[in-house]
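# coords please:
(one chain, ligands or ions: 2)
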Amino acid sequence: MSDLNNAMKIYHTAQVLHDEATIAECLDKMAGKITLDYTGLDPLVLCVMNGGLYFTAELTKRLEFPMQVDYLHATRYGDDSVGKEVVWKAMPQAEVAGRHVLVLDDILDEGYTLAAIQNALQEQGAASVRMAVLTEKQHDRRCEGVNAKYVGLQLPDRFVFGCGMDYKGYFRNLRAIYGIEGI
Ligand code: IMP
Ligand code: MG
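Ligands and ions are numbered 1, 2, ... in the order given. Presented below is the predicted three-dimensional model:
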């Protein structure tokens, strides 16, 4: 079966876990907290590609203080649904040293990706590094030492897609978050 046919089959068996209105309300709340903490700090906001793209767009348009936005690309899953080592595809172009860095990603799953990112940014001399994630999966497999300061919505321990998260590269554009039983 082609990836597209496979993805459409998955889509038709998935359930909505969080709808668009719930996600918008959550984004408003997160933006409120981040505004209180970062106004005046001239932060460097880093989008973790590709999953963080949707969250970065939706969150940053709710933030009204000056910030610079850049991206990095570190991935653990590639296009598969089974975990792998963290692979760096792009470091941020912006100078990180001395900056208050806020890293934005779609999901905190086992946390190896965010832990690797946090370590790399600290080694580059960031003044502070904090993570914000749109979602967090509930399980006890979290890697040690990883901690997201801002967490949006809770998810069951299932494969999910939508709002930046993909199945074989598809569905990042969906406005709700969907879950699939069994994978
Ligand atoms: P971690 O290193 O286990 O925390 O993996 C985090 C990354 O894996 C996220 O940034 C996502 O890109 C991806 N990921 C983890 N779980 C899912 C999922 O259920 N659906 C889609 N992508 C996922
Ligand atoms: Mg990701």
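# helix/strand/coil for C143?
Following DSSP: H, G, I helix; E, B strand; the rest coil, C143 is assigned to coil.
# Dump the helix or strand bottoming out on mean pLDDT in the chain to CSV, restricted to CA.
None of the helices or strands of the chain scores lower by mean pLDDT, DSSP states H and E than strand 87-90, at a mean of 89. Extracted C-alpha coordinates of strand 87-90, given in CSV (Å, rounded to 0.1, in the frame of the first residue of the first chain):
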residue,chain,number,x,y,z
VAL,A,87,19.6,13.1,14.4
TRP,A,88,20.7,16.7,13.9
LYS,A,89,19.7,18.1,10.5
ALA,A,90,20.2,21.8,11.2
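# Can you list the buried residues in that strand?
By neighbour count with 16 or more other Cβ atoms under 10 Å, strand 87-90 contains no buried residues. The C-beta positions use only the backbone N, C-alpha and C, and glycine is treated the same way.
# what's next to that strand, contact-wise?
Outside strand 87-90, the residues that touch it by Cβ atoms under 8 Å, 6 or more residues apart in numbering are 49, 71-76, 78, 116, 120.
# and that strand, which strands flank it?
The strands beside strand 87-90 in its sheet (DSSP bridges) come out as strand 68-75 (antiparallel).
# hey, where'd the strands end up in the protein?
15-18, 44-49, 68-75, 87-90, 100-108, 128-137, 150-155, 159-161, 177-180 (DSSP state E).
# Can you add distance to ligand 1 and give these back as JSON lines?
Shown next, in JSON lines, are those (distance: least, Cβ to the nearest ligand atom, whole Å):
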{"stretch": "strand 15-18", "distance to ligand 1": "10"}
{"stretch": "strand 44-49", "distance to ligand 1": "6"}
{"stretch": "strand 68-75", "distance to ligand 1": "7"}
{"stretch": "strand 87-90", "distance to ligand 1": "11"}
{"stretch": "strand 100-108", "distance to ligand 1": "5"}
{"stretch": "strand 128-137", "distance to ligand 1": "6"}
{"stretch": "strand 150-155", "distance to ligand 1": "8"}
{"stretch": "strand 159-161", "distance to ligand 1": "4"}
{"stretch": "strand 177-180", "distance to ligand 1": "8"}
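# worst average pLDDT in these?
Sorting those by mean pLDDT places strand 87-90 lowest, at a mean of 89.
# related to what we said a few turns ago, distance to S2 added to the strands of the chain, as TSV?
TSV is the format used below for those (distance: least, Cβ to Cβ, whole Å):
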stretch	distance to S2
strand 15-18	24
strand 44-49	25
strand 68-75	22
strand 87-90	25
strand 100-108	25
strand 128-137	28
strand 150-155	28
strand 159-161	17
strand 177-180	18
